[in-house]
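J.: I'll drop the sequence and a predicted model, then ask my questions.
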Amino acid sequence: MSDVSLTAIMVFHFDAAVKMMNDILYHGLAEPDELYEILLYKEKDSESIQEERLWKVFQSFLIKPAVESGKVLPFSPELRGPDNETTHNK
C-alpha cells in the first residue's frame, strides 16, 4: 500500500462527493426528483444511523434556500446608520 492513509482516502472521497453533488445540481445533470428518490432509497437501505444521516445530508443539497444569495435585506432608513445620510442628502 502507498503512503496515503485510509483517512486521507476517505476525506478525499467525501470531498469529491460534495463537489460532484454541487456540479450535478448546478449544471442540471440529473433530474432532482429522480436523484431524491435514489438518495431516499439509499437512506432507507442504510445499515446504521450514521449512514442514514449521510444520505439525508445529500438530500439536503436538493432543498433550495429560502433567500437567494446576493439579495439585500430591506432595512428601514432609521436602522441604516449615519454613513447612509450623507449619500442621500446630496
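T.: Done, it's in.
J.: grab the nearest non-local neighbour of residue 55.
T.: Nearest residue to residue 55, sequence neighbours excluded (CB to CB, 6 or more residues apart in numbering): residue 43, at 3.8 Å. From N, CA and C alone the C-beta is placed, and that goes for glycine too.
J.: and the next helix or strand past the helix or strand containing that neighbour?
T.: Counting by DSSP states H and E, the element that carries residue 43 is helix 32-44. Sequence order places helix 49-60 as the next helix or strand after helix 32-44, per DSSP H and E.
J.: okay, buried residues for that next one please.
T.: 54-55, 58-59 (16 or more other CB atoms under 10 Å).
J.: what's the answer for stretch 36-49, then?
T.: Buried positions in stretch 36-49, judged by neighbour count with 16+ other CB under 10 Å: 36, 39, 42-43.
J.: and the contacts of it?
T.: Contact with stretch 36-49 is made by 52, 54-56, 58-59, 62, as judged by CB atoms under 8 Å, 6 or more residues apart in numbering.
J.: swap in 6 Å and give it another go.
T.: Stretch 36-49 has contacts (CB atoms under 6 Å, 6 or more residues apart in numbering) with 52, 55-56, 58-59, 62.
J.: for it, what is the average pLDDT?
T.: Mean per-residue pLDDT for stretch 36-49: 95.
J.: pull the CA atoms of it into PDB?
T.: The C-alpha coordinates for stretch 36-49 follow below in PDB (Å, rounded to 0.1, in the frame of the first residue of the first chain):
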ATOM      1  CA  TYR A  36     -34.000  12.500  -4.400                       C
ATOM      2  CA  GLU A  37     -35.700   9.100  -4.900                       C
ATOM      3  CA  ILE A  38     -32.300   7.400  -5.200                       C
ATOM      4  CA  LEU A  39     -31.000   9.100  -2.100                       C
ATOM      5  CA  LEU A  40     -34.200   8.200  -0.200                       C
ATOM      6  CA  TYR A  41     -33.700   4.600  -1.200                       C
ATOM      7  CA  LYS A  42     -30.100   4.700   0.000                       C
ATOM      8  CA  GLU A  43     -31.200   6.300   3.300                       C
ATOM      9  CA  LYS A  44     -33.800   3.500   3.900                       C
ATOM     10  CA  ASP A  45     -31.300   0.800   2.900                       C
ATOM     11  CA  SER A  46     -28.700   2.100   5.400                       C
ATOM     12  CA  GLU A  47     -27.200  -0.200   7.900                       C
ATOM     13  CA  SER A  48     -26.500   2.400  10.600                       C
ATOM     14  CA  ILE A  49     -27.800   5.700  11.800                       C
END
